[in-house]
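Visitor: Give the three-dimensional model of this entry:
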Amino acid sequence: MGHQCMISSFGGKVDVTGEIFHGKTSSLKHDSKGVYATLPPSLEVTRYHSLAGVQPTIPDCLEVSSWTEFENESDRKIIMGVRHKEYTVEGVQFHPESILSENGRTMFRNFLNLRGGTWKENGGPRSQLSEDPTALRDGKLTGKKTILDTIYEYRKIAVNHQMLTPSQRPEDLQAAYDLGISPPQISFPDRLRQTPFSLSLMAEIKRASPSKGLISLSTCAPAQARKYAMVGASVISVLTEPEWFKGSIEDLRAVRQSLEGLPNRPAVLRKEFIFNEYQILEARLAGADTVLLIVKMLDNDLLWRLYRYSQQLGMEPLVEVNTAEEMKIAVSLGAQVIGVNNRDLRSFEVDLGTTSRLMDLVPASTIVCALSGISGPNDVNAYRTEGVKAILVGEALMRAENTNLFVSQLLGGGERVVASIPKRPLLVKICGTRTPAAARTAIESGADLIGIILAKGRTRTVSDITALEISKVVKSTPRPASSVIGIQKCVGDSSGVNYFDYSSQFLCHSERALLVGVFLNQPLSYIISQQQRLGLDVVQLHGSEPIEWANLIPVPVIKKFSPGEPGLSRHACHTLSLLDSGAGGSGEKLDISSVQNSLGKSDDIRVMLAGGLDHLNITDTLQQLGRYSEKVVGVDVSSGVESDGSQDLKKIQAFVTAAKSFRT
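Guide: The predicted model follows:
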């Protein structure tokens, strides 16, 4: 009721609004001053009740600070807040403390930061925004600020505040960077030159925008990034501005993590309103390979400074222009990659011909990218003949029901461009091998992997002497010609390839089987020494060993998981996950529904399956998995090829035959 009291006390009139909105939310506009400093220009707030000050009666000593519109009459405004022009007194007609009101905490913080009793003592009621903020006058919104001005100035305040926060200060970020903990980076220009299309695709993750409003708030940034990578994107642009675009630096960090281990991952672009070295360093620490510098937003000295600083961190920036004058500045900068924004950031009008008109100003060696407004094949046809090398697509990709189909139609002429590994016969691992004869039989039957148990105290554990004998057999026995699969080469270095499809290829050798040493909760130093001593081709970790050990072991690693156990789909550590029950070798079967649930959590999961398999049930078990059987790239057997506790050579032969027949 604060604003009612203020208006009434100074002689104004309060009356019914004509709407019953008590407890409901409305879109609030404001003047960016006082309690509204640093806030986005539009907020959802909980209304107080159905009374408000009458505009023509507002006393001269007060100014309208916030307002809302009638639901069906945008030209009529309802006053939601007033401010005394001299004294630090503000009144509002909504609930800033409500959980339904946006940025209420910031409003309270702004008010509590006031000192003294007058605005003069606080430097005026203005925020740190421009000197000509928008305001409500005679019931109408006026002012000269553009949305770019508003966003830029808001970000300046937010970033400056962040830089004061312990653990996020510039010196904190620099100390972290100096430790060498920023993720490995790739060359942005080089990655742009690698594409399966006639134009490189820069695919953008964008939940909202000032021009389109909300696009997809529920989007999971890392999942979207993997989807883009799989359809052949050369670059993934991540909008990290939180208020208008609903992004964050955490989105970028998660996107970078989601791409880890891909054989030719896309470059990651931080799409942000950058004006400070701090933001560039923050981006590098989060895993960005490049950042956006907007010429329209930066004076020449600042642009040069930020450009050089980005290069010092190993990142060639994307320099954005919209006019011929800005293009000349970008060229004089020496920018290797220039993005022409088809959208004027001041008016937000889109003209797809903007890029075309500026091409004559660009050196032939410069990579030019067309940004904004692209939604279909007709929008890019001209670019192919004009020297444009890449396009950035955001909203249209975010809204596409079938990302692969959309990209194929946009850039691939309707052809399927997603790389895939041809369906291969199942990898077969015969585990618990205890004699050279069993190893030889398995290899001659077509097995790909021969496992020996090197864990202490297990019934199938072999001595080092026996292990060396088996190792000699594995490395000297050639594969039968009928079972030679060969290592399938991924389709094109620039195409999207699933991590496990790629890595699992290296568990199959074209000339011989591979020797796998199985360990169970043993020291890392022991595992590495045994790998070297016995000549192990692969290490299998079958206990609770840390996942990151895989990066410290000099050969491919198979890691055992139980259904539902975290880490099953983790990239860039183990070569392949093994789904098994218990400690292994028990003959205990896995619950089919649990396996299906685990395999259904991610499109990227690929596994080797174990647990109670034998030559009689393997086909039925895989068929019970239904469509998830495609995610099984190999099978592992131990007790299923034994009779009376010893390996049965006939069962080994039968199991390999049954497994290899499943996909033929």
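
Visitor: what ranges do the helices span in the stretch 401-550 of the chain?
Guide: 403-411, 436-445, 464-476, 499-503, 524-534 (DSSP state H, counting those that start in this stretch).

Visitor: which residue packs closest to Gly81, ignoring adjacent ones?
Guide: Ser66 (3.6 Å; C-beta to C-beta, 6 or more residues apart in numbering). (C-beta placed from N, C-alpha, C; glycine too.)

Visitor: The one you found: neighbour count?
Guide: 28 (other C-beta atoms under 10 Å).

Visitor: What lies in contact with the one helix or strand it maps to?
Guide: Taking DSSP states H and E as the criterion, Ser66 maps to strand 62-70. With contacts defined as C-beta atoms under 8 Å, 6 or more residues apart in numbering, strand 62-70 is touched by 6-7, 10, 12, 18-19, 26-31, 33-36, 47, 55, 58, 76-85, 90, 92, 135-136.

Visitor: so what strands line up beside it?
Guide: strand 25-30 (antiparallel), strand 73-84 (antiparallel) (DSSP bridges).

Visitor: Show me what the mean pLDDT comes to for it.
Guide: If you average the pLDDT over strand 62-70, you get 84.

Visitor: cool, stretch 107-122 as well?
Guide: Mean predicted lDDT for stretch 107-122 stands at 84.

Visitor: do stretch 169-187 as well
Guide: 97.

Visitor: ok, now stretch 605-620?
Guide: pLDDT averaged over stretch 605-620 gives 95.

Visitor: same thing with stretch 399-409?
Guide: 91.

Visitor: Distance from the chain centre to that stretch, please.
Guide: Taking the mean of its C-alpha atoms, stretch 399-409 sits 18 Å from the chain's own mean (C-alpha atoms, centre = their mean, to the nearest Å).

Visitor: now swap in stretch 565-583 and tell me
Guide: 22 Å.

Visitor: CSV for the helices of the stretch 401-550 of the chain, including mean neighbour count and distance to Met230?
Guide: Listed next are these as CSV, based on neighbours: other C-beta atoms under 10 Å; distance: least, C-beta to C-beta, whole Å:
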stretch, mean neighbour count, distance to Met230
helix 403-411, 19, 8
helix 436-445, 21, 35
helix 464-476, 16, 35
helix 499-503, 21, 10
helix 524-534, 15, 33
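
Visitor: Quick check: which of the ones you listed is nearest to Glu545?
Guide: Of all the helices of the stretch 401-550 of the chain, helix 524-534 sits nearest to Glu545, with 7.9 Å by C-beta to C-beta.

Visitor: helices or strands next to the closest one in the packing?
Guide: helix 464-476, strand 514-519, strand 538-541 (3 or more C-beta pairs under 8 Å, 6 or more residues apart in numbering; DSSP states H and E).

Visitor: and it, average pLDDT?
Guide: Rounded mean pLDDT across helix 524-534 is 98.

Visitor: All the helices of the stretch 51-200 of the chain, in order from the start?
Guide: So, for the stretch 51-200 of the chain - with DSSP H, counting those that start in this stretch - the helices run 104-112, 147-162, 170-178, 188-192.

Visitor: Read off the pLDDT value for Asn342.
Guide: 93.
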